[in-house]
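Engineer: can't give you the sequence, but here's the structure:
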């Protein structure tokens, strides 16, 4: 267990840094979106450069003080807030390191500091006539360093991959305080172990990312969006297979939405305009981005006709304008907000082998019925096998009525996911929420290797103590 | 330094394994394609399952005996042959583990054992109506385990990524002998450190891959191939940018070929049919794979016209048949054979930031002219910034006339690559050939982290001793 960032440590560190680099941590740095943890840090470091981060990490390493890297604070598994049990760590926020250092449009590369906000990176790419495809609900506040540390997913993974796949190189401060200057702009580089992918997804437990070289893409010549009512999740998967056969990588998003999600919107966000008069049991939101010479509306119409003739699709709407496409997307993107307003008993960010999805959805509901009466809002990135399978109280009840059942719900759904070869954390990560799950479900050889790597790179256990792996005593 | 696989060790191991699992190592296992190293192993293990691999690794770990994993033997950097200085390790060939365990066509996943030959995996994917896009000259003998251990590249990286990007999960035996059961079929799985990508590219120094779940892709509806003469490497890059703007991911290969390569073919392989009567200074071989509704010939003609009008392209041929496309590819694929016949003084598998390529090519020639008179055959995967920049004697001379200059040539070209932000091993890896280069050019913080990881996972240094990292004394 690391030592607390006490007054002696903070005073000595402050003397080495420009004024105003350390300050008391305001309440907002000690909260997280779902309100499950409260951070115990008293102070916050706001470095301006990798060199200042290095100085902070070196001092913490020498004094054995815990550090918690802080990005946009949007993580959903508590990776950014260390509770009192972890000692009193020092928060290290990258919010002053927001420079987009360089854009190489011809190379399709952009170099951003870790504190850059995702929406700003997207805008810079667009200004250069390119696309940075990472896109998720919190893009207005999530920062590049946190997005990479958690290997964020989002809506375009099907075509462009997750954050890991969008990164060519990193600059990072390792737990020793040494700066790794790895901002390569290369598509191919087989010189030694893949430190980049080891830091990506390590949730700040192996170092602090300070900058990244990011992949850009050509912008599709034309995009199209459709909302189709499908008979079932199995029908949605068949439709996806047909869409990929016809359009290849052009399918950039393929989102599944269940009736419960649409009902929740009607209930608590009635201002959200819905595409169907009667909410279908299942629907999919499809986005395609096509090369020049192909018409997205024609392509989506052809898919609708094919799906309809095959008995997969019962109804559908194709967006006739950018505004209508945005309305379609608002339906998908405001479901998490509706969820929060209703209050989930338990939320599950899971992934499954694609062919297991149709079996999982009803089997999960069957198992839940053995525990009590619930509503399930199942939605997510079907193209990636990634479901948000969230469990809600029946109308008239609230989450507080089900506190005692929460652990059993989580256990039974996660056991089922594991039996089916799935993952209990598809895109949100482990953080502090799923440390127990990782211990229960991870392959023992992998878990032993992870612990060995953590001890080797961070022998004093100062980097984000208690996240991903339990802090050693 | 690990202990040798002596008679006592081999006898004890043989007693635990089925008959015929261990046998003397024939000469072919002790050679490598460029004839630079001779392996010192006396024996070879031929396990049939991950369990047998585990038993072998556990025994070697207990006895501190070195192991060298052996795939198809096609590696070009000596990773598969340990010379006498590494002790006398036991070779572990995966050649009996060739099963394609399962094909999930709807999921676009295939599970192959490590000994499966690449061409067989490609054929199985094709039989399932899918594409496994990894493709390189040695695909008839290279095996999946070795391809992943070296993170192989090849001709389709531009569109589909390298071996790393084509792998969803691994089964592997770690240096402890424990089997990691990680054959996930998931597109998203954020449960802990990325052990998969750590083993991929570690060249057998952190464990032995025994099976992999591989990504398949829809087959493009139609493919087209063109051979275009371009004014310069800079013109080739401008053409690539235009091609990507027009066709997006549909560009699957974009190979640069210099006049020297075509001249070499005329000189030593005159039976290879060349597309131009007079070899142009620079040419590009382009392959596109298009979705239904687009005609590849039309797309390539449009690209030719656009390139011609912009002064980038001076001549060109579009393949009118599959046979003609194969002839075009034969030109590219037989250049390495011509190189071997002529005998390179020094070969360089390098990558550069794309925009640095046009400057690097002549600057390298200028630096070489300060050392002596040479011919440079520069060709490669331009779309990935990956050049094979190989240095040959002038006509009438041979490589043996230039032995004394080889180190200086390598040093001056690799220094230039490094200054320009490039990599001295783009796709072949470090093996034993480039251990010095890694020590010279790697970022010190990364190198320290690599050594810490190696010690943590393989504390006795038994896995492929002397490859990637120098064997500790």
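Structural biologist: Happy to help now that I have it. Just so it is clear, the model here is predicted, and its values are computed rather than measured. Numbering: from 1, shown residues only, chains lettered A, B, ... in the order given.
Engineer: At the contact with chain B, which residues of the stretch 51-200 of chain A appear?
Structural biologist: Those residues of the stretch 51-200 of chain A that sit near chain B, judged by Cβ under 8 Å from any Cβ of the partner chain, are A:104, A:106-107, A:109, A:150-151, A:153, A:157-158, A:161-162, A:164-165, A:174, A:176, A:178-182, A:184-195, A:197-198, A:200. Just so you know, the C-beta spots here come from the backbone N, C-alpha and C atoms, and that holds for glycine as well.
Engineer: Quick one: the helices in the stretch 1-150 of chain A, in order.
Structural biologist: Here the stretch 1-150 of chain A has its helices, by DSSP state H, counting those that start in this stretch, at A:7-14, A:50-63, A:118-127, A:144-149.
Engineer: tell me the most buried of these?
Structural biologist: helix A:144-149 (a mean of 30; mean count of other Cβ atoms under 10 Å in any protein chain shown).
Engineer: are any of the residues of the stretch 51-200 of chain A next to chain B buried, and which?
Structural biologist: Listed as buried from those are A:104, A:107, A:109, A:150-151, A:153, A:157-158, A:161-162, A:164-165, A:174, A:176, A:178-182, A:184-195, A:197-198, A:200; burial here means 16 or more other Cβ atoms under 10 Å in any protein chain shown.
Engineer: Export the helices of the stretch 1-150 of chain A as TSV, with columns for mean pLDDT.
Structural biologist: Output for the helices of the stretch 1-150 of chain A, formatted as TSV (pLDDT from 0 to 100):
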stretch	mean pLDDT
helix A:7-14	98
helix A:50-63	98
helix A:118-127	98
helix A:144-149	98
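Engineer: Regarding the spatially most central residue of chain A, what is its secondary structure?
Structural biologist: Nearest to the mean C-alpha position of chain A, by Cα atoms, centre = their mean, lies residue A:152 at 3.5 Å. Here residue A:152 is coil, with the state taken from DSSP: H, G, I helix; E, B strand; the rest coil.
Engineer: wait, doesn't it sit right on residue A:381?
Structural biologist: No: Residue A:152 is beyond contact range of residue A:381, at 12.0 Å (criterion: Cβ atoms under 8 Å).
Engineer: Mind listing the shared neighbours of the two?
Structural biologist: Common neighbours of residue A:152 and residue A:381, counting by Cβ atoms under 8 Å, 6 or more residues apart in numbering or on different chains, are residue A:427.
Engineer: circling back: among the buried ones among the residues of the stretch 51-200 of chain A next to chain B, which are located in helices?
Structural biologist: A:157-158, A:195, A:197-198 (DSSP state H).
Engineer: Residue B:356 is nearest to which of the helices of the stretch 1-150 of chain A?
Structural biologist: Distance to residue B:356, taken as Cβ to Cβ, is lowest for helix A:118-127 among these, at 21.2 Å.
Engineer: chain center to that closest one, what's the gap?
Structural biologist: In terms of Cα atoms, centre = their mean, to the nearest Å, the centre of helix A:118-127 is found 18 Å from the chain centre.
Engineer: list the helices and strands that helix packs on?
Structural biologist: When contacts are defined as 3 or more Cβ pairs under 8 Å, 6 or more residues apart in numbering or on different chains; DSSP states H and E, helix A:118-127 packs onto strand A:100-104, strand A:109-113, helix A:144-149.
Engineer: and that helix with strand A:109-113, angle?
Structural biologist: 150 degrees (axes from the mean of the first three to the mean of the last three Cα atoms, to 10 degrees).
Engineer: okay, the angle between helix A:118-127 and strand A:100-104?
Structural biologist: Using the same axes, to 10 degrees: helix A:118-127 against strand A:100-104 is 30 degrees.
Engineer: Model confidence for residue A:317, exactly?
Structural biologist: At residue A:317, the pLDDT value in this model is 97.
Engineer: and the helix or strand harbouring it, which strands flank it?
Structural biologist: Applying DSSP states H and E as the criterion places residue A:317 in strand A:313-318. Partners of strand A:313-318 in the sheet, by DSSP bridges, are strand A:222-230 (antiparallel).
Engineer: and the strand it pairs with, average pLDDT?
Structural biologist: Mean per-residue pLDDT for strand A:222-230: 97.
Engineer: and that strand, how far out from the chain's middle?
Structural biologist: When C-alpha coordinates are averaged (Cα atoms, centre = their mean), strand A:222-230 and its chain have centres 24 Å apart.
Engineer: Ok, stretch A:459-473 next?
Structural biologist: Relative to its parent chain, stretch A:459-473 has a centroid offset of 22 Å by Cα atoms, centre = their mean.
Engineer: same check, this time on stretch A:392-400
Structural biologist: 27 Å.
Engineer: ends of it, how far apart?
Structural biologist: 11 Å (Cα to Cα, to the nearest Å).
Engineer: Any buried residues in that stretch, and which?
Structural biologist: Quick answer for stretch A:392-400 (16+ other Cβ under 10 Å): A:392-393, A:397.
Engineer: Also stretch A:79-99?
Structural biologist: Residues of stretch A:79-99 classed as buried by neighbour count (16+ other Cβ under 10 Å): A:79-83, A:86-95, A:97-98.
Engineer: Also stretch A:310-318?
Structural biologist: Across stretch A:310-318, burial judged by 16+ other Cβ under 10 Å covers A:312-318.
Engineer: Name the surrounding residues that touch it.
Structural biologist: Stretch A:310-318 has contacts (Cβ under 8 Å, 6+ apart) with A:224-231, A:235-236, A:238-239, A:242, A:275-276, A:280, A:297, A:300-301, A:304, A:307-308, A:328.
Engineer: got a list of what residue A:348 touches?
Structural biologist: Residue A:348 touches A:387-391, A:410, A:413-414, A:417, A:424, counting by Cβ under 8 Å, 6+ apart.
Engineer: Helices of the stretch 201-350 of chain A, residue ranges please.
Structural biologist: Assigned by DSSP H, counting those that start in this stretch, the helices in the stretch 201-350 of chain A fall at A:233-247, A:259-268, A:296-309, A:322-333, A:335-342.
Engineer: As CSV, those with mean pLDDT and distance to residue A:131 would be great.
Structural biologist: CSV is the format used below for the helices of the stretch 201-350 of chain A (pLDDT from 0 to 100; distance: least, Cβ to Cβ, whole Å):
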stretch, mean pLDDT, distance to residue A:131
helix A:233-247, 93, 17
helix A:259-268, 97, 28
helix A:296-309, 96, 16
helix A:322-333, 95, 16
helix A:335-342, 94, 24
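Engineer: Inside helices: which ones of the contacts of residue A:348?
Structural biologist: A:410, A:413-414, A:417.
Engineer: tally of neighbours for residue A:450?
Structural biologist: Burial of residue A:450, expressed as a neighbour count using other Cβ atoms under 10 Å in any protein chain shown, amounts to 22.
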